[in-house]
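Engineer: Could you look at this predicted model? Sequence included:
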Amino acid sequence: MGQVFNSSNPILLLIACILTFIASYTALDLLTMLRTSKRNQKFLFLGSSFSMGTAVWTMNFFGILSLDHTGSTSYNISLTILSFVLGVALAAMGFLAVSADSISLRKVIECSMLLTMSVLSNYIIGMYSLNHNLTFHSGYLFISVLFIFSLFLFAFMLLYYSKHQKTGVNYWHKPLSAFIMTGSIAEGHFLLTRSLPAKEPIETINQLMNDTSFVVYLVFFVAICIVAGLIATSTIISKRLAKSDKYVFDITYALDQSSIVAITDEKGIITKVNKGFCDISKYSEEELIGKNHRIINSHYHSKDFFADLWSTIQNGEVWKGEIRNKAKDGSVYWVNTTIVPFRNGDGEVYQYLSIRNDITEQKEVENKLHQQDKLAAVGQLAAGVAHEIRNPLTSMKGYAEFLQLDEESEDRLEYLDIILDEIERVNLIVEEFMVLSKPQILNLENKNIVPILESVLSLVKFDSEKRNIKILLKIDNEVSLVACDENRLKQVILNFVKNAMEAMPGGGVLTVILSHANDQVRLAIQDTGIGIPEDKLKKLGEPFFTTKKTGNGLGLMVSFKIIEGHNGNVLVDSVVNKGTTFTIVLPLISSSELISVGETKLG
């Protein structure tokens, strides 16, 4: 091969290698685009076949020119055109095998064999254009064919069977495959010409200069064809990128308008959020990026809930469900969430996409409907039973009091007192049933809630000191006007405060916070007690459900109904062994508006 190389024109060989590499790369680029594009497939197929045929023909033609030192050979134009057409045809047949959606080893072998035939036919026809009596050595011919085929096969295996190719990360595979193909074609040229009789180099520098005009024009023509192919490829790629960018922009815009989107890495660290996420969480993008999703955790869901969530998405499966989160200002919101994991080439999850939709209003409506259903059930029960219960209770109480008058035994007097206490407790339950069973009139007046709150806290001051409970009062605004029934509102606040104190049997801190947010008055009553488990938290307000050892659960039910009559609502947030927060939310009356005093029915 050294003898052949020494007898060749190195400048022409260098030009041939460069043009062959450019054409090979163009062919592979168009071929890979063909497998992913839905449009211009015919153009891409013909362009890739033409480029591959040009690559094979270019090395053959310039290789022959480099061997023709005397310039005495007359080129057969018909054979030259035939070699080019045959090279393109065989390349097209080979590329047709690997242009399908699915690639198999058999198809890759077929393609490599056809390209090998393209190279071989080009060289045989090209050599006969110089010497019609040329004979090839069978041993060198077999080695040449095997070598060319092996390099083509290796190049296509690298292009189609690399693990990075499966994920689309092939920035260096196409250039390397094109380089290997160029080497295959060039090395095949040298191996095939080993069978030619050795010729002594007889050309001089002057002869080379005199014979270069045709070569220059030919190089210029081939270069123009290749550059045109590259420009066409670049144009198609630019259009596809523009279309993809427009598609991504439209999808992003649509998601921003209707969804809450966040992207996290494999550890759950937030890497990207959209405007909807910032709006609902009240955090800025800078505050969220780099943070964990715990920043919006409301502690409503159990550890098992999140353990199941993480187990699902870490296994590469999509998770769907409803989550209650907490915003920066302390408000809570519900989102319908879909979390989609993304895998890398090794099958490992490397990031998660979460798409959420705000369902807070839907949950509030569901909760109100649930409460109304419970109230309707209790009302029906109360209407049918309460009246019948009160009559025997009155008789029982009267006879018990009568027996006390003549009773001298202290033990029996104690038993009678217990009977009277239990009768009174049953009577209170009946009265609470009556409140739920029929509409109650609320006398709404414009009141400053601050004095009402201070009045309630003064009532429990002595009891809190006995229980070793410290009360902290935080008021953001000294004037907080609301339309309320003062006595009913006191009843609700007192009920929540007593429940908070009873949740701290060993003492603790009771924090009462009065603030304004979004034209609302928010009264939060926080304890540091035992907390309420998630399964029980969902049942609060149901009749006869209570978290206390004593009680019937109707107090909370009545309180919720009273606040609902004030056009407000009650939020409950609890963490086991850390405490519970009841937040009363009422419409705020600004100084520029006054709600007329009137009556509203409760129930």
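Structural biologist: Arrived safely, thanks for sending.

Engineer: tell me which element Glu322 is part of?
Structural biologist: Under the criterion of DSSP states H and E, Glu322 resides in strand 319-326.

Engineer: And the contacts of that strand?
Structural biologist: Residues outside strand 319-326 that contact it (Cβ atoms under 8 Å, 6 or more residues apart in numbering): 281, 296-301, 309, 312-313, 332-339, 356, 359, 363, 573. The C-beta positions use only the backbone N, C-alpha and C, and glycine is treated the same way.

Engineer: Run the chain-centre distance for it.
Structural biologist: Mean-position distance between strand 319-326 and its chain equals 14 Å (Cα atoms, centre = their mean, to the nearest Å).

Engineer: next helix or strand past it?
Structural biologist: The C-terminal neighbour of strand 319-326 among helices and strands, as given by DSSP H and E, is strand 332-343.

Engineer: Buried residues in that following strand, which are they?
Structural biologist: Buried residues in strand 332-343, counted by 16 or more other Cβ atoms under 10 Å: Val332, Tyr333, Trp334, Val335, Asn336, Thr337, Ile339, Val340, Pro341.

Engineer: likewise stretch 275-284?
Structural biologist: Gly276, Phe277, Cys278, Ile280, Ser281, Lys282, Tyr283.

Engineer: quick one: it to chain centroid distance?
Structural biologist: Relative to its parent chain, stretch 275-284 has a centroid offset of 16 Å by Cα atoms, centre = their mean.

Engineer: Shouldn't Ala55 be within a strand?
Structural biologist: No. Using DSSP: H, G, I helix; E, B strand; the rest coil, the assignment for Ala55 is helix, not a strand.

Engineer: Please name the nearest non-neighbouring residue to it.
Structural biologist: Ala23 (3.6 Å; Cβ to Cβ, 6 or more residues apart in numbering).

Engineer: secondary structure class for Ile530?
Structural biologist: Classification of Ile530 using three-state DSSP returns coil.

Engineer: ok, it to Lys498 distance?
Structural biologist: 15 Å (Cβ to Cβ, to the nearest Å).

Engineer: more crowded one of these two?
Structural biologist: The neighbour comparison of Ile530 against Lys498 (other Cβ atoms under 10 Å) goes to Ile530, with 18 against 15.

Engineer: Hmm, that one is touching Asn577, no?
Structural biologist: Yes. Counting by Cβ atoms under 8 Å, Asn577 is a contact partner of Ile530 at 6.4 Å.

Engineer: Need the buried residues of strand 332-343 in a markdown table (columns: pLDDT and distance to Ile389).
Structural biologist: A markdown table is the format used below for these (pLDDT from 0 to 100; distance: Cβ to Cβ, whole Å):
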| residue | pLDDT | distance to Ile389 |
| --- | --- | --- |
| Val332 | 88 | 39 |
| Tyr333 | 91 | 43 |
| Trp334 | 92 | 40 |
| Val335 | 92 | 45 |
| Asn336 | 92 | 45 |
| Thr337 | 92 | 47 |
| Ile339 | 93 | 52 |
| Val340 | 92 | 57 |
| Pro341 | 92 | 59 |
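
Engineer: Rebuild those residues as a markdown table, extending it with distance to Asp406.
Structural biologist: Converted to a markdown table, the buried residues of strand 332-343 look like this (distance: Cβ to Cβ, whole Å):
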| residue | distance to Asp406 |
| --- | --- |
| Val332 | 60 |
| Tyr333 | 65 |
| Trp334 | 63 |
| Val335 | 68 |
| Asn336 | 69 |
| Thr337 | 70 |
| Ile339 | 75 |
| Val340 | 80 |
| Pro341 | 80 |
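
Engineer: Looking at those, spot the one nearest Leu514.
Structural biologist: Val332 (18.5 Å; Cβ to Cβ).

Engineer: who's in contact with the closest one?
Structural biologist: Ser298, Tyr300, Arg324, Asn325, Lys326, Leu571, Asp573 are the contacts of Val332 under Cβ under 8 Å, 6+ apart.

Engineer: And for the second one, the neighbour number?
Structural biologist: By the measure other Cβ under 10 Å, the count of residues near Tyr300 is 19.

Engineer: Could you pull up the residues touching it?
Structural biologist: With Cβ under 8 Å, 6+ apart, Tyr300 has these contacts: Arg324, Val332, Glu534, Leu537, Asp573.

Engineer: In terms of helices and strands, where is Val492?
Structural biologist: Counting by DSSP H and E, Val492 is part of helix 486-502.

Engineer: roughly how far is that helix from the heart of the chain?
Structural biologist: For helix 486-502, the distance to the chain centre is 44 Å (Cα atoms, centre = their mean).

Engineer: Give me the mean pLDDT for that helix.
Structural biologist: The average pLDDT within helix 486-502 is 90.

Engineer: what lines up beside the helix or strand that comes right after it in the sheet?
Structural biologist: Proceeding N to C from helix 486-502, the next assigned helix or strand is strand 508-516, under DSSP H and E. Note on strand 508-516: by DSSP bridges, its sheet partners are strand 469-475 (parallel), strand 520-526 (antiparallel).

Engineer: Ok, which of the ones you listed comes nearest Asn391?
Structural biologist: Closest among the strands paired with strand 508-516, using Cβ to Cβ: strand 520-526, at 38.6 Å.

Engineer: If you count neighbours, what's buried in that closest one?
Structural biologist: By neighbour count on 16+ other Cβ under 10 Å, the buried set for strand 520-526 is Val521, Arg522, Leu523, Ala524, Ile525, Gln526.

Engineer: Please, a PyMOL command that selects the buried ones among the contacts of Val332?
Structural biologist: Applying 16+ other Cβ under 10 Å to the contacts of Val332, the buried members can be selected in PyMOL as follows:
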select buried, resi 298+300+324+325+326+573
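
Engineer: possible to save the contacts of Val332 as TSV with distance to Ser184 and pLDDT?
Structural biologist: Listed next are those as TSV, based on distance: Cβ to Cβ, whole Å; pLDDT from 0 to 100:
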residue	distance to Ser184	pLDDT
Ser298	64	86
Tyr300	65	85
Arg324	63	91
Asn325	60	91
Lys326	64	90
Leu571	73	89
Asp573	70	88
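
Engineer: biggest separation within the contacts of Val332, which pair?
Structural biologist: Put simply, by Cβ to Cβ the two of these set farthest apart are Asn325 and Leu571, 13.0 Å from each other.

Engineer: what secondary structure does Lys539 sit in?
Structural biologist: coil.

Engineer: Next, count neighbours for it.
Structural biologist: For Lys539, the neighbour count with other Cβ under 10 Å is 12.

Engineer: Could you break this protein into its assigned domains?
Structural biologist: What automatic domain parsing lists as the domains of the chain is 2-243, 259-358, 360-438, 440-603.
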